[in-house]
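1. need a structure here:
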Amino acid sequence: MTDPSTPAPPPLPERRAADVAASADAAATTTGAEAGGQAGPTPGIAGVDDTGVRRLTGDIDDIGRGFLAALFDITFTRFITRRLASVFFLVGLIAIGIAFVSAFVGGIIHGIGALGWNPGGGIALILSTVIVVPVLAFFAVVLLRFVIESGVALVAIAENTERTAENTRRGGA
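-> Residues are numbered from 1 along each chain as shown. Predicted coordinates:
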């Protein structure tokens, strides 16, 4: 006897993902040919993987490719900012972390050292280190994130403007 409070397992799909992927590839090829275009996959779609998810090509697919070519592109038609944003953020976080630890430990050590000849100043230095250094580190992380997001947003605006200009030229010609 089954417990009525236990939910039933979800039903299995009617077809395997690989079969769905093969039929989607065939449908994309047929749709392209029927539309008067070339027989082949739909532009911008490289097919469907074995999970049934369509793979994109073009700018999105080139994110991990051609980094050195983009780096040494003297015409600046390809941007590397989006590719390096996470690296810059990680390096910035590490730098902020190192600065935080050194300032925190240094402030505590100097505060303890000052307790012998100036007890009030030593306590004030220890308390200000415990309060001020973490707050400054937090603001540094926020500022770092803001600067990197601003750069990425600026590059995204430039890329979108370039795509809009290309589409306008194609539509007007």
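2. I'd like to know which helix or strand in this structure has the lowest mean pLDDT.
-> strand 45-48 (a mean of 50; mean pLDDT, DSSP states H and E).
3. The strand or helix carrying residue 130 - what's its average pLDDT?
-> Here residue 130, judged by DSSP states H and E, is contained in helix 119-172. Averaged over helix 119-172, pLDDT sits at 91.
4. Now do that helix: which elements does it pack against?
-> Judged by 3 or more Cβ pairs under 8 Å, 6 or more residues apart in numbering; DSSP states H and E, helix 119-172 is in contact with helix 81-115. Backbone N, C-alpha and C define where each C-beta goes, glycine included.
5. now the helix it packs on and helix 119-172, what's the angle there?
-> Relative orientation of helix 81-115 versus helix 119-172 (axes from the mean of the first three to the mean of the last three Cα atoms, to 10 degrees): 170 degrees.
6. So residue 141 sits against residue 96, correct?
-> Yes. If you go by Cβ atoms under 8 Å, residue 141 and residue 96 touch, sitting 5.9 Å apart.
7. Leaving aside the residues adjacent along the chain, what's closest to residue 71?
-> residue 80 (5.8 Å; Cβ to Cβ, 6 or more residues apart in numbering).
8. what's residue 150 in contact with, if anything?
-> Contacts here follow Cβ atoms under 8 Å, 6 or more residues apart in numbering; on that basis residue 150 touches nothing.
9. Next, work out how far apart it and residue 139 are.
-> Distance, residue 150 to residue 139, by Cβ to Cβ, to the nearest Å: 16 Å.
10. do residue 11 as well
-> Residue 11 sits 53 Å away from residue 139, taking Cβ to Cβ as the criterion.
11. so residue 85 touches residue 147, yeah?
-> No. Shown here, residue 85 and residue 147 do not form a contact pair, counting by Cβ under 8 Å, at 10.3 Å.
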